[in-house]
Each structure stands twice: as C-alpha cells, then as structure tokens.
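[1] Turn this into a model:
(2 chains)
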2 protein chains.
Amino acid sequence: MQQWVTSVDLVANSEANENVVIKNTNEWTTQEKEVVDGVTDVLDGNKVDAVVCVAGGWAGGSSSSEDFVKNTDLMIKQSLWSSVISAKLASNFLSEGGLLALTGAKAALDATPGMIGYGLAKASVHHLVKSLSDKKGGLPKSSTVLAILPVTFDTPMNRKFMPGGDTSKWTPLEFAAELMWKWADNSDNRPKTGTLVALVTNDGQTELVVDSEK
Amino acid sequence: MQQWVTSVDLVANSEANENVVIKNTNEWTTQEKEVVDGVTDVLDGNKVDAVVCVAGGWAGGSSSSEDFVKNTDLMIKQSLWSSVISAKLASNFLSEGGLLALTGAKAALDATPGMIGYGLAKASVHHLVKSLSDKKGGLPKSSTVLAILPVTFDTPMNRKFMPGGDTSKWTPLEFAAELMWKWADNSDNRPKTGTLVALVTNDGQTELVVDSEK
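    Numbering: from 1, shown residues only, chains lettered A, B, ... in the order given. Sure, this is the predicted structure:
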C-alpha cells in the first residue's frame, strides 16, 4: 500500500507529498479558512483515508502563575484549534470508514493543578472526541474518531528540557507513527470509535490502555 | 450584611456599586489585563468574598455545520475566557476562605454532538474547577471553587428562542442568585470545593444534584 501524505504545519515537511503551510496563528476562523482552502486545492476533489492531528505543546502553571492566562491561551491554540480544524477537515474530506486521530493527554483524565491550561485544553479535546463519535457528530459514515493519550514522548525537546528523566517510561515516536499507520490501514485494527487510548510505556515497552477515563 | 458588588461585563450595570467595562473581545491576554487593571483600581488594595462568573452563551452545530469553527471559537471566548480570567481574579483578589463560582453545563457531562463547541468549552470549565480545587491550584488558602451546571435558565432570551418550551423545567434566575448569595455568605453553606453542582428543575422546583459526573 502506497502512502500519500499532506502535511499541514507552520513549516513545510520535505518528506510529505504535499504541504499546506499555516501562516495565521491569531484568528481561529482565519486559520480554518487557510487550512481548508489549502487542503481543498491539494486534494482536488479526492478524499483521504485518515486525518491525524499531532499538533500540540506544553506549558505549566497554576492560577497564581504570572503567565496563567497567556499559557492557557497558547494551549488552546496549539491543542484545541488544531483538533477542531482537523475535525472540520475530516468532516469535509475523510472517506467513509476513514480515521480521525487526535491527541489528548493521560494527565488530563484527572485534575492538573500544576499545568491548568494544558489540562483543560486536553480535556476539551477528549470531549470533542466523544461528541464526534456520535452518529450526529458530523463525520462521514462509518468513520472512526480516536484520541491517543500520551504520557511523555521520547523527543529531542523532552530530552533537552527533562535531563535525567526516566526515558524507559517515555513512548518512542515510532510507536505512535506505527499505531497511526495500523489504524489508518484497516478499520478492523481500531478500537471502538470515541475511545481515548492511553499510551503507557514501562521498560521501553508501550501498551495501549483504553477507556481509562473515570 | 451589606453587599458591595463590582460588575465586570461588556456593558455597565446600573445596579452594581462599581463597573469594569470590557472593551477587548479579540485577545485573551489583552482582555485579562483590562479586567485585572480595572478590578485593581476599583478594589484599591481590598479583597473580595466571592468571584462569580456567569458569563456565557450558546451556539449549536456538529462538525459538519458551516459555522462549526466560528461557533466553537465563540463558545471558548464566552465561557472559557471569562472563567479563566475569573480564576485569575480569584487568585489575585479573593479573601482566604472565599468563593469562586463558575458556570458549567449539565449537558457537557456527556457527549454533545449537536452542539460540539458548547460542550467542549463547558467541559474545559469543568476541568478548570477540578484543577483549581487542588491545594496547588493557586487560589487563596481555604477558598472554595464550585461550578453550577444549569440545564436551562428561565431568561427572556430563552423564552424568545424556545417558544413552547416546557418552562416548568427551566431554572429561575432568582434561584441561582440566591444560591450564590448563600454560598458567598458562609462557607458552611457550600458543597466541598471542586464540586460540579447541577441545577435540576422539575415542576418549577429546583434541586442541587452534586457529583453527577460519571
């Protein structure tokens, strides 16, 4: 099976077949128009098998932090804007029986007092997944919407900012990439639509923990 | 007990003792500065017994709605911006043992496919309440944070837009106002901090349903 990938990001990805480069990060609806118009051009009437949203970021702080509102704003833009625009792309361009995969956070299944903005933004993504999984959520027929809920990914940035962290509990990016491929490739490989799938890594081994939401 | 009330709103309230009128509805951090500066001026070094956020609004639509992103943007601005800025006000200006009351929605305890933006914005408010209720959430010592989760308030706008609705199940605004007063007046009258308190009205009688979150 041949892959054909369009990257939608702030910078072009040389490994993608097509790129839609986002310029607007200030207005949600302007960014939506930019992305939807760009993808419409690239697809030229075709549909896609999967829409995968792995945009996001992290910032900490409780309500007493000087940057509380600023960081919450950033978390909503990075995690929620990207997820909602991805839902719009899926509604417009996903094939019947296709996959929409969003990115939540295992931490946001509970209170997150030390990173309030991050937690509430991810909680809103979890709720989005639940609503989209309903027949009346607006996605194409027989499609699946899932969220992966990472703990910590093993990325160069995380290695830089968390030196001395226990990397045996960090999830390799390859694991997530292979999981997306497996889910996109065949609907039989997917958990039930609406499932929040935590990626829990111990001793370098990652397992999927589903429906861990209380 | 004498009431002293500052209204923070888009228009001045002639019944309030003081008003802070919001001009900025486009940038979260600019609105934060406007509100915090305005309240700092008005309080002149004093603290408050309660911060009550009843800002909000409603818009429907699934992911296939033309206005999906636009309406989700509006819901985040109306419900989440106001709640997060209220949390900042509480962190700065609430007395020890004071009350922060936010407004969630009973519907958002479940999926909301027909009003996705509304549900995810209110779910983020619920998560905010849980995080703020933690000792490390940044609120003053011994304070209480609660959310009321209305179903439908009996307002002139709701009567206009839902003619023929069963108003015997709508919650009178007076009920919410009296509840806020009771909670603000004495901490013994309050549910445990972090509680989501649904307002369920039947035959014109409203009862408080706590911890209905699954």
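[2] Past the lowest-mean-pLDDT helix or strand in chain A, which element shows up next along the chain?
    None of the helices or strands of chain A scores lower by mean pLDDT, DSSP states H and E than helix A:156-161, at a mean of 93. With elements assigned by DSSP states H and E, the helix or strand that comes after helix A:156-161 is strand A:171-172.
[3] got a pLDDT number for the nearest residue to A:Ala105 once chain neighbours are set aside?
    Nearest residue to A:Ala105, sequence neighbours excluded (CB to CB, 6 or more residues apart in numbering or on different chains): A:Lys122, at 4.0 Å. C-beta here means a position set from N, CA and C on the backbone, and glycine is covered the same way. pLDDT for A:Lys122: 98.
[4] In this structure A:Lys122 contacts A:Ser82, no?
    No: between A:Lys122 and A:Ser82 there is no contact, the gap being 12.0 Å when judged by CB atoms under 8 Å.
[5] Between these two, which has more neighbouring residues?
    Taking other CB atoms under 10 Å in any protein chain shown, A:Lys122 and A:Ser82 do not tie; A:Lys122 has more neighbours (29 against 23).
[6] For that one, pull up the helix or strand it's in.
    Per DSSP H and E: helix A:116-132 holds A:Lys122.
[7] Counting by contacts, list what that helix packs against.
    Packed against helix A:116-132, as judged by 3 or more CB pairs under 8 Å, 6 or more residues apart in numbering or on different chains; DSSP states H and E, are the following elements: helix A:68-75, helix A:82-93, strand A:94-103, strand A:144-150, helix B:116-132.
[8] Show me how the record splits chain A into domains.
    As recorded under automatic domain parsing, the domains making up chain A are A:1-46, A:47-152+A:174-196.
[9] list the contacts for the residue lying farthest from the centre of chain A?
    Distance to the chain centre peaks in chain A at A:Ser64, reaching 28.4 Å (criterion: CA atoms, centre = their mean). For A:Ser64, the contacting residues are B:91, B:138-139, by CB atoms under 8 Å, 6 or more residues apart in numbering or on different chains.
[10] what do you get for A:Ala108?
    Contacts of A:Ala108 by CB under 8 Å, 6+ apart are A:118-120, A:122-123, A:126, A:149, B:127.
[11] can you check A:Ile76 too?
    By CB under 8 Å, 6+ apart, the contact set of A:Ile76 is A:117, A:121, A:124, B:76, B:80.
[12] Out of the residues you listed, which two sit at the greatest distance?
    With distances taken as CB to CB, the most widely separated pair in those is A:Gly117 and B:Ile76, at 12.4 Å.
[13] before we move on, the earlier item: out of the helices and strands packed on helix A:116-132, flag the one nearest B:Val42.
    helix A:68-75 (19.3 Å).
[14] Run the angle between that closest one and helix A:116-132 for me.
    Interaxial angle, helix A:68-75 versus helix A:116-132 (axes from the mean of the first three to the mean of the last three CA atoms, to 10 degrees): 40 degrees.
[15] how much does helix A:68-75 deviate in direction from helix B:82-93?
    Here the directions of helix A:68-75 and helix B:82-93 differ by 150 degrees (the same axes, to 10 degrees).
[16] now helix A:68-75: mean pLDDT?
    What helix A:68-75 shows for mean pLDDT is 98.
[17] likewise stretch A:191-209?
    96.
[18] ends of that stretch, how far apart?
    11 Å (CA to CA, to the nearest Å).
[19] With stretch A:101-111 instead?
    For stretch A:101-111, the first-to-last residue distance is 24 Å (CA to CA).
[20] related to what we said a few turns ago, out of the contacts of A:Ala108, who's the most crowded?
    Most neighbours among the contacts of A:Ala108, by other CB under 10 Å: A:Leu120, with 31 neighbours.
[21] Who are the contact partners of that residue?
    A:72, A:75, A:108, A:112, B:80, B:124-125, B:127-128, B:131.
[22] Apply 6 Å and report the result again.
    Counting by CB atoms under 6 Å, 6 or more residues apart in numbering or on different chains, A:Leu120 touches B:124, B:127-128.
[23] ok, back up a step: I'd like the domains of chain A as a markdown table, with distance to B:Asn189 appended.
    Below are the domains of chain A laid out as a markdown table (distance: least, CB to CB, whole Å):
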| stretch | distance to B:Asn189 |
| --- | --- |
| domain A:1-46 | 40 |
| domain A:47-152+A:174-196 | 23 |
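[24] Single out the most deeply packed of the ones you listed.
    Highest mean neighbour count of those: domain A:47-152+A:174-196, a mean of 21 (counted as mean count of other CB atoms under 10 Å in any protein chain shown).
[25] What is the end-to-end distance of that domain?
    Terminal residues of domain A:47-152+A:174-196 are spaced 25 Å apart (CA to CA).
[26] Name the nearest residue to A:Asn71, sequence neighbours excluded.
    For A:Asn71, ignoring the flanking residues on the chain, the nearest one in space by CB to CB, 6+ apart is A:Ala59 at 3.9 Å.
[27] which SS class is the one you found?
    Under DSSP: H, G, I helix; E, B strand; the rest coil, the three-state class of A:Ala59 is coil.
[28] Check A:Trp183 too.
    Here A:Trp183 is recorded as helix under three-state DSSP.
[29] okay if I get the contacts of A:Ala108 as a markdown table plus distance to A:Asp188?
    Shown next, in a markdown table, are those (distance: CB to CB, whole Å):
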| residue | distance to A:Asp188 |
| --- | --- |
| A:Tyr118 | 34 |
| A:Gly119 | 33 |
| A:Leu120 | 35 |
| A:Lys122 | 28 |
| A:Ala123 | 30 |
| A:His126 | 25 |
| A:Leu149 | 22 |
| B:His127 | 33 |
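[30] Just the closest of the residues you listed to B:Ile22, please.
    Ranked by distance to B:Ile22 (CB to CB), the contacts of A:Ala108 are led by A:Leu120 at 21.3 Å.
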